[in-house]
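Visitor: Prediction below, plus the sequence it came from.
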Amino acid sequence: MLDIRFVRENPEVVKENLRKKFQTAKLPLVDEAIALDAAKRAAESEANELRASRNTLSKKIGMLMGQAKKDPSKLAEAEDVKAQVKANADRLAQLEQMEEKLADQLMQIMKVIPQIIDPSVPIGPDDSYNVEVERFGECKVAEFPIPYHTDIMESFDGIDLEAAGRVSGSGFYYLLGDIARLHEAVLAYGRDFMIDKGFTYCIPPFMIHGNVVEGVMSQTDMDGMMYKIEGEDLYLIGTSEHSMIGRFIDQIVPNEKLPQTLTSYSPCFRKEKGSHGIEERGVYRIHQFEKQEMIVVCKPEDSKEWYEKLWRYSVELFRNLDIPVRQLECCSGDLADLKVKSCDIEAWSPRQQKFFEVCSCTNMGDAQARRLKIRYKDENGKPQLCHTLNNTCVAPPRMLIAFLENNLQADGTVLIPEVLRPYMGGTEKLVPKK
């Protein structure tokens, strides 16, 4: 969310940003916000004048009442002043209601005006305009047919979608045996990988209040993702970023504790509303999964450096697991409203002979911090907004798809990379049961 002062002083910059994001329908909102802000400030100014005059008039009434003991004519004058105080009080009550209404209207508009994107973001209306920046690892084409990922899992008796459908419906799964163990091994490796990078390991709440949801994501994302607990002001998290950033709500983080670098485990719950297309089968797009996340809360001048570090951590981790990846810079039209800059790390699929998303790294700038009032004090002791960043560390089972396809051998076995073997009891390869 932008600072209204910035919008007021730079309306054309805000409008040009909307054009770059191909959200021209929102252009009138900029002028509406400025008009509401002007009306709100005028009401606040008049209300402050009335509050200031209240003490003066009260003193005048007291003085006139004292004088009326000797000069009865002063009594009528005192009554006139009392009437003025009453009228001012009625007007002040009106203004306070007006201020509240205008502030609410202004907030609703400000929540849908997107963050100013970084100048380096490529311009385009949708994800087809995302730009490949760099590839890491050799994208091999197998000399044998690569089965669909659920077929690979079933060869190890490692998945039961039919039973999950009976119990929970589509978009759920049972993982079993070696595949379930591999799932947990990948998460454990991701956890230790981030701890070795100096991040603090966390397990956060898996449900959060509505005000935190509104603070960490746009309304569009909220409607398309979040499950609400009926009858409670609680939502199931779509990613641990939500509760991890929410941890700092209304806080002034001490300078000596910045940056906050945290890696968190959580289950994730998503409606996946409106998410349709290829690869709908199996466990590619699901309503429940587990994830190891990384988040950073830092000073504004440090956020660009952390953005570079975070996506490179993802590349390093996936390469350690013998999975080729690429970095894909997200274009302006593919950025959610709160994002300043974002990129996807995509893994190579030998079966499809193309890349697919496994990580998403984002610099949120001060958008979440402004909504949640996450601040630090500058060298002059003045509170300033922090910047927040997030990135996927590993998110099986989607990550497992890339792992199984890239480590599958012609005989149906799956090689276990050296870094993962300690988490698999020393196992060097998985042998199919079918």
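Guide: Sure, I can see it. Residues are numbered from 1 along each chain as shown.

Visitor: By mean pLDDT, flag the weakest helix or strand of this structure.
Guide: One helix or strand of the chain scores below all others by mean pLDDT, DSSP states H and E: helix 219-225, with a mean of 72.

Visitor: Would you check that F355 makes contact with W348?
Guide: Yes. Proximity of F355 to W348 meets the contact threshold set by Cβ atoms under 8 Å, at 5.7 Å. Backbone N, C-alpha and C define where each C-beta goes, glycine included.

Visitor: Tell me the buried residues in the host helix or strand of S360?
Guide: With secondary structure defined by DSSP states H and E, S360 is part of strand 354-363. The neighbour-count check on strand 354-363 (16 or more other Cβ atoms under 10 Å) flags F355, F356, V358, C359, S360, C361, T362, N363 as buried.

Visitor: Look up phi and psi at I252.
Guide: Dihedral angles phi and psi of I252 (degrees, to the nearest 10) take the values phi -100, psi 110.

Visitor: Going toward the C-terminus from the least confident helix or strand of the chain, what's the next helix or strand?
Guide: Beyond helix 219-225 in the direction of the C-terminus, DSSP H and E gives the next helix or strand as strand 227-228.

Visitor: helices or strands up against that next one?
Guide: strand 235-236 (3 or more Cβ pairs under 8 Å, 6 or more residues apart in numbering; DSSP states H and E).

Visitor: Note down every partner strand of the strand it packs on and its orientation.
Guide: The strands that strand 235-236 pairs with in its sheet are strand 207-208 (antiparallel), strand 227-228 (antiparallel) (by DSSP bridges).

Visitor: what residues does it touch?
Guide: Strand 235-236 is touched from outside by F206, M207, I208, H209, G210, V213, M226, Y227, K228, I229, F269, with contacts defined as Cβ atoms under 8 Å, 6 or more residues apart in numbering.

Visitor: picking that back up, the least confident helix or strand of the chain: how far from the chain's middle?
Guide: With Cα atoms, centre = their mean, to the nearest Å as the basis, helix 219-225 stands 11 Å off its chain's centre.

Visitor: and what of stretch 90-100?
Guide: Computed by Cα atoms, centre = their mean, the separation of stretch 90-100 from the middle of its chain amounts to 35 Å.

Visitor: Could you list the buried residues of it?
Guide: L92, L95, M98, E99.

Visitor: For the second one, which non-adjacent residue is closest in space?
Guide: Just to be clear, that refers to L95. With sequence-adjacent residues excluded and distances taken as Cβ to Cβ, 6 or more residues apart in numbering, L95 is closest to A47, at 4.2 Å.

Visitor: surely that neighbour meets Q94?
Guide: No. Taking Cβ under 8 Å as the definition, A47 is not a contact partner of Q94, at 9.2 Å.

Visitor: what residues are shared contacts of these two?
Guide: Counting by Cβ under 8 Å, 6+ apart, A47 and Q94 have no contacts in common.
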